[in-house]
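>>> Here you go, sequence then predicted model.
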Amino acid sequence: MTETAFIHRFEPATSAGSPPLLLLHGTGGDENDLLGLGKMISPASALLSPRGRVLEHGMPRFFRRLAEGVFDEEDVRRRAIELGDFVVEARKQYGIAAPVAVGFSNGANIAAALLLLRPEVLAGAILLRAMVPLSDPPKAELGGKPVLLLSGQADPIVPASNSAKLATLLSDAGARVDHKVLPVGHQLSQADVTLARNWIGSANAQAA
Ligand code: MLT
């Protein structure tokens, strides 16, 4: 792979028929963080798990921010394109189909940016505690791509109005958005795992 490559882990599929997952960790995580979650959500899927290339006080992220919830949008755009290029290369190297992104927090935000800026790269997305990544996004053509957005009712980082706006933005761009607000905060819960697993099973059944 070229110098655009991200440090990453790849685990091949254990049987055909499940979509590959692109696992995108939260701030301070790395390429190992979401492998367990990926296996719980879709046990037979190939897993592609890059480490974010931006460091904030030593903590990996997928793009720069100016403050919590205030993004350096030029960097969001640049990094989303870079991540899209990485996915294209990794698909060739590992021979996998377009993945479904599974992103948590900062990883969910870059996944939302990928949907808006490089929609062809993803087959769909599970966005866990995502926010609107760009204040003035381009008009994306999501052509019915399935998106599961799971938000926390008591999330101190993502206001309810922001996740609702993201759901509208993605549906207006043509995604099939399923938005659920759970009685939790920013952290993941068992309900996230269960809902994500059921959703990916039914999204996969619909695609088959
Ligand atoms: C972000 O910076 O992407 C969001 O504030 C979520 C986070 O990483 O805390």
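Arrived safely, thanks for sending.

>>> going forward, measure contacts and count neighbours with C-alpha atoms only.
OK.

>>> Check what pLDDT the residue lying closest to Ala160 once chain neighbours are set aside gets.
Nearest in space to Ala160, with sequence neighbours left out and distances taken as Cα to Cα, 6 or more residues apart in numbering, is Gln153 at 6.9 Å. pLDDT, Gln153: 98.

>>> max-length helix in this structure?
helix 73-94 (DSSP state H).

>>> what does this structure put close to the ligand?
26-27, 65, 68-69, 105-106, 109 (Cα under 6 Å from any ligand atom).

>>> which ones among those are found in helices?
Those of those lying in helices (DSSP H): 106, 109.

>>> Can you flag the buried ones in the residues of the chain next to the ligand?
26-27, 65, 105-106, 109 (16 or more other Cα atoms under 10 Å).

>>> of those residues, closest to Asp178?
Asn109 (16.5 Å; Cα to Cα).

>>> Count the residues that sit near the residue lying closest to that closest one once chain neighbours are set aside.
Excluding the flanking residues, the one nearest Asn109 by Cα to Cα, 6+ apart is Ala130, at 5.2 Å. Look at Ala130: counted by other Cα atoms under 10 Å, it has 28 neighbours.

>>> With Leu128 instead?
26.

>>> How about the one 10 residues further on?
Residue crowding around Pro138 was assessed by other Cα under 10 Å; the count is 10.

>>> need the contact list for it.
Pro138 is in contact with 116-117, counting by Cα atoms under 8 Å, 6 or more residues apart in numbering.

>>> SS state for it?
Look at Pro138: counting by DSSP: H, G, I helix; E, B strand; the rest coil, its state is coil.

>>> Please enumerate the strands of this protein.
8-11, 21-24, 47-50, 54-56, 59-61, 65-67, 70-71, 100-104, 124-128, 146-152, 176-182 (DSSP state E).

>>> With respect to burial, which of these scores highest?
strand 21-24 (a mean of 30; mean count of other Cα atoms under 10 Å).

>>> got a list of what the single nearest residue of the chain relative to the ligand touches?
Closest contact between the chain and the ligand, by Cα to the nearest ligand atom, is at Asn106 (3.3 Å). Contacts for Asn106 (Cα under 8 Å, 6+ apart) come out as 24-27, 61-62, 130.

>>> quick one: Leu7 and Leu169, what's the gap?
For residue 7 the amino acid is Ile, not Leu. Distance, Ile7 to Leu169, using Cα to Cα, to the nearest Å: 31 Å.
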